[in-house]
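> Here's my sequence, what's the structure:
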Amino acid sequence: MCLAVPGRVLDIGEKDGTRMATVDFGGVQKEVCLEYLPDLQVGEYAIVHVGFALQRLDEESAKQTLELFAQLGMLQEEFGDPWEQAAAAGGDPWPFADDPGPEPAPAPALTAPQEEVQP
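Model (predicted):
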């Protein structure tokens, strides 16, 4: 699902002639294009969809929305690792966790084939 998520502008700069910002979405920071809101300032909130700031938003509304999204797990769905989410959906544990668990048993040693002896 693709959401329009409120975020707070942390800094503003220019990249290849385009006004860009680092925006915080409840702990996740992403680069966002500000071309649709050229007067947006550091510290202000905006609704962001697919990397574009689309509409200015007041702080209280932004915080309430972020809290609701977090409670519903929608921030993880939107900004989480898609590979980890796919593994979880398939019922498998994420193989790159900090604690990988026990090491697998060593493979058995290879031996040369034995000739069969006939009586």
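
> could you measure the closest residue to Gln41 other than its chain neighbours against Ala46, distance?
Nearest in space to Gln41, with sequence neighbours left out and distances taken as C-beta to C-beta, 6 or more residues apart in numbering, is Val9 at 6.9 Å. All C-beta spots, glycine's among them, are computed from the backbone N, C-alpha and C. Val9 sits 7 Å away from Ala46, going by C-beta to C-beta, to the nearest Å.

> do the same with Gly91
Gly91 is 38 Å from Ala46, by C-beta to C-beta.

> Show me which residues of the helix ranked longest in the chain are buried.
Longest helix in the chain, counting residues (DSSP state H): helix 59-72. Using 16 or more other C-beta atoms under 10 Å as the test for burial, helix 59-72 gives 62, 65-66, 69.

> where exactly do the helices run in the chain?
Using DSSP H, helices in the chain cover 59-72, 74-79, 82-89.

> beta partners for Val32?
Ala21 (DSSP bridges).

> What is the longest strand of the protein by residue count?
strand 5-15 (DSSP state E).
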